[in-house]
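> predicted model follows, preceded by the sequence.
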Amino acid sequence: MEKNTIYTTQAPEPIGPYSQAILAGNTLYVSGQIAIDAHTNQLVNDTIETETAQVLKNMRSILQAAGCDFEHVVKCTIFLKNFNDFAAVNAVYAKAFTKQPPARETVEVSRLPKDVNIEISCIAVK
């Protein structure tokens, strides 16, 4: 099996010893994304809606770097700091996944990197 690292300057630099994504065969594994603007290196977290939109923007950039888009995504995992944000996150998320939304789980966690409110990872198939 061939394994390739996917990297783009249009998404934030990893904040630890991991890759933005790995393409293994025709399956793309995208690391959890948080709401860091790749151009300013600043968090975008005014509201849960703007934070979620930035996370999805980062994810889209990585998917595009691998020759994919949201339609290729088969699985997402959403980590929320506060499950009361579930409905607001879903409203933004639904705009990205308009056709055949992927399988997904959403879990509440006590803490996320840089104390953000949301992190999303995904798996896509080319």
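In hand now; what should we look at?
> put the alpha carbons of whichever helix or strand Ser61 is part of into CSV.
Element membership for Ser61, per DSSP states H and E: helix 48-65. The C-alpha trace of helix 48-65 is given here as CSV (Å, rounded to 0.1, in the frame of the first residue of the first chain):
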residue,chain,number,x,y,z
ILE,A,48,-19.6,28.7,17.5
GLU,A,49,-21.0,29.3,13.9
THR,A,50,-17.9,31.2,12.8
GLU,A,51,-15.6,28.7,14.5
THR,A,52,-17.4,25.8,12.8
ALA,A,53,-17.2,27.6,9.4
GLN,A,54,-13.4,28.1,9.8
VAL,A,55,-12.9,24.4,10.8
LEU,A,56,-14.8,23.4,7.6
LYS,A,57,-12.8,25.8,5.5
ASN,A,58,-9.6,24.2,6.8
MET,A,59,-11.0,20.8,6.1
ARG,A,60,-12.0,21.8,2.6
SER,A,61,-8.5,23.1,1.9
ILE,A,62,-6.9,19.8,2.9
LEU,A,63,-9.5,17.8,0.9
GLN,A,64,-8.8,20.0,-2.2
ALA,A,65,-5.0,19.5,-1.8
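> for Ser31, give me its contacts.
Ser31 makes contacts with 14, 18-21, 121, as judged by CB atoms under 8 Å, 6 or more residues apart in numbering. Every residue, glycine included, has its C-beta placed from N, CA and C.
> now with 10 Å?
By CB atoms under 10 Å, 6 or more residues apart in numbering, the contact list for Ser31 reads 6, 11, 14, 16, 18-22, 59, 62, 119, 121-122.
> by pLDDT, rank these and give me the bottom one.
Model confidence across those bottoms out at Gly16, which has 92.
> quick one: low-confidence residue ranges for the chain.
Scanning the chain for pLDDT under 70 picks out no residues.
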